[in-house]
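Enquirer: quick check, what structure comes out for this input:
(one chain, ligands or ions: 2)
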Amino acid sequence: MQLQAIDYTSPTAQQDFVKSLHETGFGVLKNHPIQKSLVSAIYNEWQRFFDSDTKHDYRYNIGPQDGYFAPEASETAKGHSKRDIKEYFHYYPWGQCPEQEKKLLSQYYSEASTLAKELLAWVEKHTPSDIAQHYSQSLSSMVDGSEQTLLRVLHYPPLKGDEELGAIRAGAHEDINLLTILPSANEPGLQVKAKDGSWMDVPCDFGTLIINIGDMLQEASGGYFPSTSHRVINPEGADKTKSRISLPLFLHPKPEVVLSERHTAKSYLHERLVELGVIPA
Ligand SMILES: O=C(O)CCC(=O)C(=O)O
Ligand SMILES: [Fe+2]
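Expert: Ligands and ions are numbered 1, 2, ... in the order given. Okay, the predicted model is just below:
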């Protein structure tokens, strides 16, 4: 399995990108419209946020899931017994956000959502017709007017040595949504599972964007687009003392969208959040 960066401006970008998503569940883009300077400014602002105690004033709301999730409240990946070693903030335009950090984060949300929708349109255009006939409605219309798209600011704190045995920064998991777009983080660690079961490092060149399929698009495409397992491993040696910040945007459809005979977006999301231990059954 190879993950080579595709040039967003190349004449064959759309086909190459959708081929990569079909074959691996992942695609890497360079020369895309998201500015590096915006991403690094957000990383800096949120490092300060996570380093300060005011984060506790933004504790997440259990139903809507917006706000700050402390390490004690973070996810336990399906099939794992230890919580991930991370804390994070869930931003929605309608949700809570510290005033100081709102300007850049809302700008990023809007730019990244626009790009994610464009990439979803590429996926739609290059889905073979025998697969596309199973979409209950066009992929673009699934997200039009959706208020569910989630921007997560993630902080993996430096390791102190007192972490629970076997706990890792992000246990192997699949994303729940349609598509995820993720700027390369400020530190390595992201790995993707290849078809032979081995773990491969995802290239971490600052400025590239990583896109992956989530379970909802896998479900809607009958598996044509695979939702590939990924994880974030712990740093070693001198890197243990470093924080890692990342900024995934999870493109979500409207709740009433029918994904398959089994699921609407709402029923699927609910099932998965219970599994992750972040909402009660
Ligand atoms: O931090 C990363 O690089 C990936 C995060 C991730 O996979 C997730 O939050 O779903
Ligand atoms: Fe993920």
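Enquirer: any low-confidence regions in the stretch 101-250 of the chain?
Expert: Judged against pLDDT under 70, the stretch 101-250 of the chain has no low-scoring part.
Enquirer: and the closest residue to ligand 1 within it, its phi and psi?
Expert: For the stretch 101-250 of the chain, the residue closest to ligand 1 is Ser246, as judged by Cβ to the nearest ligand atom, at 3.4 Å. Bear in mind the C-beta positions are built from the backbone N, C-alpha and C, glycine included. Here the main-chain torsion angles of Ser246 (degrees, to the nearest 10) amount to phi -140, psi 170.
Enquirer: got the residues of the stretch 101-250 of the chain near ligand 1?
Expert: If contacts are counted using Cβ under 6 Å from any ligand atom, the residues of the stretch 101-250 of the chain sitting beside ligand 1 are 152, 154, 170, 175, 182, 185, 190, 230, 232, 246, 248.
Enquirer: spatially nearest residue to the last one (excluding sequence neighbours)?
Expert: Okay, so that is Pro248. Leu182 (4.4 Å; Cβ to Cβ, 6 or more residues apart in numbering).
Enquirer: which of the three states applies to that neighbour?
Expert: Three-state secondary structure (criterion: DSSP: H, G, I helix; E, B strand; the rest coil) places Leu182 in strand.
Enquirer: my guess is it contacts Ser246, does it?
Expert: Yes. Using Cβ atoms under 8 Å, Leu182 is in contact with Ser246, at 6.4 Å.
Enquirer: neighbours around Asp162, how many?
Expert: Using other Cβ atoms under 10 Å, Asp162 has 5 other residues around it.
Enquirer: surely it is within a strand?
Expert: No. When three-state DSSP is applied, Asp162 is found to be coil, with no strand at that position.
Enquirer: use 59 as the first number from now on
Expert: Done: numbering now begins at 59, and the last item shifts to Asp220.
Enquirer: which strand or helix spans the closest residue to ligand 1 within the stretch 59-208 of the chain?
Expert: Using Cβ to the nearest ligand atom, the single residue of the stretch 59-208 of the chain nearest to ligand 1 is Tyr146, 7.4 Å away. Applying DSSP states H and E as the criterion places Tyr146 in strand 145-149.
Enquirer: swap in Leu173?
Expert: For Leu173, the enclosing helix or strand under DSSP H and E is helix 157-183.
Enquirer: from the chain's centre, how far out does that helix sit?
Expert: Relative to its parent chain, helix 157-183 has a centroid offset of 12 Å by Cα atoms, centre = their mean, to the nearest Å.
Enquirer: tell me what it is packed against?
Expert: Packing contacts for helix 157-183, counted by 3 or more Cβ pairs under 8 Å, 6 or more residues apart in numbering; DSSP states H and E, involve helix 71-82, helix 94-109, strand 145-149, helix 197-201, strand 208-214, strand 237-241, strand 307-309.
Enquirer: tell me the buried residues in the longest one?
Expert: It stands for helix 94-109. By 16 or more other Cβ atoms under 10 Å, the buried positions in helix 94-109 come out as 96-97, 100-101, 103-104, 107-108.
Enquirer: any chance of those residues in JSON lines, with pLDDT too?
Expert: Below are the buried residues of helix 94-109 laid out as JSON lines (pLDDT from 0 to 100):
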{"residue": "Leu96", "pLDDT": "97"}
{"residue": "Val97", "pLDDT": "97"}
{"residue": "Ile100", "pLDDT": "98"}
{"residue": "Tyr101", "pLDDT": "97"}
{"residue": "Glu103", "pLDDT": "98"}
{"residue": "Trp104", "pLDDT": "98"}
{"residue": "Phe107", "pLDDT": "98"}
{"residue": "Phe108", "pLDDT": "98"}
